[in-house]
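[1] would you be able to build a 3D model of this:
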Amino acid sequence: LGMAQPRRMTIRTLAAPLLACGLCALPSIALADTAGAAHDAEQQIARIKALDDVGPMLNAVIAYDPKAPTHASEAEAAGLPLAGRTVLVKDNIETAAGSLALKDNATGRDAPMIALLRAAGGVILGKTNLSEWANIRSNSSTSGWSAVGGLTKNPHATDRNACGSSSGSGAAVAAGFAWA
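    Residues are numbered from 1 along each chain as shown. This is a model prediction of the structure:
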């Protein structure tokens, strides 16, 4: 009697509503009251030290900026949209791609994406591990491993690797090391 047939549920039919729900939640997360951006950055660095440098040694973060709390405070005081929120950036954004050959590479400039994040008040907290050269070096390379950062562990099951080219980024956010 004119009733619509139920749609078959697939990844494609679920993707748009799930994405919409996720995007709707972002502003409330981004603007949530905190003890301040500098405090948050200090807490995140403490967490990296406790879980990445020692403890279970997740190997998610290759390097972090100890001046991030100061940068976060400045961005928050300037009233910028991201208000000092911290971001960990995958190591193949303008740097080493996890390779010892490029470990000390310094470009002397920000990639356009990084410049936009900073201009909006984002603070680059550090660099995350990845599959070396984003796994393009071999079909049989170990996913989530780089010569610079070692093997990234899954923070919720440390006997497993985090898998994937963005293993460090995923593990870092899952472990609460940064806002994004």
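
[2] buried stuff in stretch 111-129?
    I114, L117, R118, G121, G122, V123, I124, L125, G126, K127, T128, N129 (16 or more other C-beta atoms under 10 Å). Quick note: C-beta positions are derived from backbone N, CA and C, even for glycine.

[3] same question but for stretch 145-154, I mixed them up
    Result for stretch 145-154 [16+ other C-beta under 10 Å]: buried residues W145, S146, V148, G149, L151, T152, K153, N154.

[4] does the third one touch T95 like I think?
    No: contact criterion C-beta atoms under 8 Å: V148 and T95 do not qualify, at 9.5 Å.

[5] which one of the buried residues of stretch 111-129 is nearest to D91?
    K127 (4.7 Å; C-beta to C-beta).

[6] list the beta-bridge partners for that closest one.
    K127 has the following beta-bridge partners by DSSP bridges: A63, V89.

[7] distance of it from A46?
    Per C-beta to C-beta, to the nearest Å, K127 is found 18 Å from A46.

[8] ok, now A37?
    In terms of C-beta to C-beta, A37 sits 15 Å off from A46.

[9] between those two, point out the one with more neighbours.
    A37 (25 against 10; other C-beta atoms under 10 Å).

[10] give me the distance between the nearest residue in space to G170 that is not next to it in sequence and I45.
    The spatially closest residue to G170, leaving aside those adjacent along the chain, is A162, at 5.7 Å (C-beta to C-beta, 6 or more residues apart in numbering). Separation of A162 from I45 (C-beta to C-beta) stands at 20 Å.

[11] filter the buried residues of stretch 145-154 down to the ones in strands?
    Mapping those onto strands (DSSP state E) picks out W145, S146, L151, K153, N154.

[12] need those in a markdown table with pLDDT, can you?
    Converted to a markdown table, these look like this (pLDDT from 0 to 100):
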| residue | pLDDT |
| --- | --- |
| W145 | 77 |
| S146 | 81 |
| L151 | 91 |
| K153 | 93 |
| N154 | 91 |
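
[13] next, give me the two most distant ones among those.
    S146 and N154 (16.1 Å).

[14] after the lowest-mean-pLDDT helix or strand in the chain, next one along is what?
    Ranking every helix and strand in the chain by mean pLDDT, DSSP states H and E puts helix 11-30 at the bottom, with a mean of 39. Sequence order places helix 37-48 as the next helix or strand after helix 11-30, per DSSP states H and E.

[15] check which helices and strands that next one is in contact with.
    Under the contact criterion of 3 or more C-beta pairs under 8 Å, 6 or more residues apart in numbering; DSSP states H and E, helix 37-48 touches strand 61-64, helix 68-77, strand 86-90, strand 123-128.

[16] mind putting these in TSV, mean pLDDT and distance to A172 included?
    Formatted as TSV, these follow (pLDDT from 0 to 100; distance: least, C-beta to C-beta, whole Å):
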stretch	mean pLDDT	distance to A172
strand 61-64	93	6
helix 68-77	97	14
strand 86-90	91	5
strand 123-128	94	5
